[in-house]
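A.B. asks: no sequence on hand, only this structure:
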């Protein structure tokens, strides 16, 4: 009986080692050695100062946190580039007095993903997300920081999912 147990254990270990499964808890399947994030210029009609560098840094941070790839300034195995194309504040819901009850900040980014190892994986896609806030509040200080953080978290995760995950 012990012999069968050892044979089963040996076969199971052999299968685990032989079947190199490329899986992670983040769902990412692409595992580049290096990546490069070029500066995302702010080309939106309404320009929020500093938004370009904040987004560029947010994208670099999420790739570093969710992959083992090394950030490089040039010659990356995968390259992200693009521009911020939308920064818009618009009223969303109205009150009985025909005034806005809620406003929405929307940020849109056009992204070009270049995979130097496999050109078929290259994509160019627009990503956008929003943050709703009470119309009585001004989008300044902590509220603006929270809005940008929430939007960037969603945008960068969507970009990672579209480029590095095989969903």
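C.D. replies: All right, it came through fine. All figures in this text were calculated on a predicted structure; none of them were measured in a lab.
A.B. asks: the protein: strands as residue ranges?
C.D. replies: With DSSP state E as the criterion, the chain has strands at 34-37, 41-42, 70-71, 78-94, 100-115, 123-134.
A.B. asks: go through these and pick out the most buried.
C.D. replies: Across the strands of the chain, the average number of neighbours (mean count of other Cβ atoms under 10 Å) peaks for strand 34-37, which reaches a mean of 20. Any C-beta I mention is one placed from the backbone N, CA and C, and that applies to glycine too.
A.B. asks: nearest to residue 142, out of the strands of the chain?
C.D. replies: Minimum separation from residue 142 across the strands of the chain (Cβ to Cβ) falls at strand 123-134, 11.2 Å.
A.B. asks: out of the strands of the chain, which gets nearest to residue 63?
C.D. replies: That would be, of these and by Cβ to Cβ, strand 34-37, which comes in at 5.5 Å.
A.B. asks: helices or strands up against that closest one?
C.D. replies: helix 51-66, strand 70-71, strand 78-94 (3 or more Cβ pairs under 8 Å, 6 or more residues apart in numbering; DSSP states H and E).
A.B. asks: related to what we said a few turns ago, would you turn the strands of the chain into CSV with mean pLDDT and distance to residue 163?
C.D. replies: Output for those, formatted as CSV (pLDDT from 0 to 100; distance: least, Cβ to Cβ, whole Å):
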stretch, mean pLDDT, distance to residue 163
strand 34-37, 96, 10
strand 41-42, 97, 20
strand 70-71, 95, 15
strand 78-94, 93, 7
strand 100-115, 94, 4
strand 123-134, 97, 7
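A.B. asks: hang on, the earlier thing: got CSV for the helices and strands packed on strand 34-37, with distance to residue 153 too?
C.D. replies: Shown next, in CSV, are the helices and strands packed on strand 34-37 (distance: least, Cβ to Cβ, whole Å):
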stretch, distance to residue 153
helix 51-66, 8
strand 70-71, 19
strand 78-94, 16
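A.B. asks: closest one to residue 137 among these?
C.D. replies: That would be strand 78-94 among the helices and strands packed on strand 34-37, by Cβ to Cβ, at 11.5 Å.
A.B. asks: adjacent strands (with direction) for that closest one?
C.D. replies: Paired neighbours of strand 78-94 in the sheet (DSSP bridges): strand 34-37 (parallel), strand 41-42 (parallel), strand 100-115 (antiparallel).
A.B. asks: how near is residue 138 to residue 70?
C.D. replies: Distance, residue 138 to residue 70, using Cβ to Cβ, to the nearest Å: 41 Å.
A.B. asks: which residues does residue 103 contact?
C.D. replies: Contacts for residue 103 (Cβ atoms under 8 Å, 6 or more residues apart in numbering) come out as 89, 90, 91, 92, 132, 133, 134, 135, 139.
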